[in-house]
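Novice: Take a look and give me a structure for this.
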Amino acid sequence: MANAASGMAVHDDCKLKFLELKAKRTYRFIVYKIEEKQKQVVVEKLGEPTDSFENFSASLPENECRYAIYDFDFVTDENCQKSKIVFIAWSPDSSKVRSKMIYASSKDRFKRELDGIQIELQATDPTEMGLDVIRSRSN
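Specialist: Modelled structure (predicted):
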């Protein structure tokens, strides 16, 4: 079903991979890309469970928008191991205006397809989505 605002459909694989990350922890992260010609959101890259945050950051293009899911593991002050699913709307200042508009107008509809997101970040550069930012939003 296409999004009325931007006309973008969400490929079934997007939801499937998200469910695998959420339920089975099959991936550390997922990077999603909007394929304008096909008018749909597709999976661009999957991160192995052993991949680091640096691997994740490096997989986001410098000059193009993306959506990303990151499975953030942390230890609470009470020494409990926890995990939060972080949604990142990556929209670097250097990306094209049209791309920023398409990603912005499709974001809410896309997010609704992924049930279980616990933290949402909007980032225009890597400092806005660093581990310290995610950690501060996890408590």
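
Novice: Skipping its backbone neighbours, what lies nearest K100 in space?
Specialist: Closest residue to K100 apart from its sequence neighbours, by CB to CB, 6 or more residues apart in numbering: S91 at 5.2 Å. The C-beta positions use only the backbone N, C-alpha and C, and glycine is treated the same way.

Novice: Look through this protein and tell me its longest helix.
Specialist: In terms of residue count, the longest helix belonging to the chain (DSSP state H) is helix 97-113.

Novice: tell me the contacts of the closest residue to Y103 other than its chain neighbours?
Specialist: Once flanking residues are discounted, Y103 sits nearest to C65: 4.1 Å by CB to CB, 6+ apart. The contact partners of C65, by CB atoms under 8 Å, 6 or more residues apart in numbering, come to 34, 89-92, 95, 99-100, 102-103.

Novice: now do 10 Å
Specialist: C65 sits next to 33-34, 89-92, 95-96, 98-104, 106-107, 124 when contact means CB atoms under 10 Å, 6 or more residues apart in numbering.

Novice: pull the CA atoms of the longest helix of the chain into PDB?
Specialist: The C-alpha coordinates for helix 97-113 follow below in PDB (Å, rounded to 0.1, in the frame of the first residue of the first chain):
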ATOM      1  CA  VAL A  97      16.400  18.900  -1.200                       C
ATOM      2  CA  ARG A  98      14.100  16.600  -3.100                       C
ATOM      3  CA  SER A  99      15.500  13.500  -1.300                       C
ATOM      4  CA  LYS A 100      15.100  15.200   2.100                       C
ATOM      5  CA  MET A 101      11.500  16.000   1.300                       C
ATOM      6  CA  ILE A 102      10.600  12.500   0.100                       C
ATOM      7  CA  TYR A 103      12.200  10.900   3.200                       C
ATOM      8  CA  ALA A 104      10.600  13.400   5.600                       C
ATOM      9  CA  SER A 105       7.100  12.900   4.000                       C
ATOM     10  CA  SER A 106       7.400   9.100   4.100                       C
ATOM     11  CA  LYS A 107       8.900   8.700   7.600                       C
ATOM     12  CA  ASP A 108       5.800   8.500   9.700                       C
ATOM     13  CA  ARG A 109       4.100   6.000   7.400                       C
ATOM     14  CA  PHE A 110       7.200   3.900   7.200                       C
ATOM     15  CA  LYS A 111       7.700   4.000  11.000                       C
ATOM     16  CA  ARG A 112       4.200   2.700  11.600                       C
ATOM     17  CA  GLU A 113       5.100  -0.400   9.600                       C
END
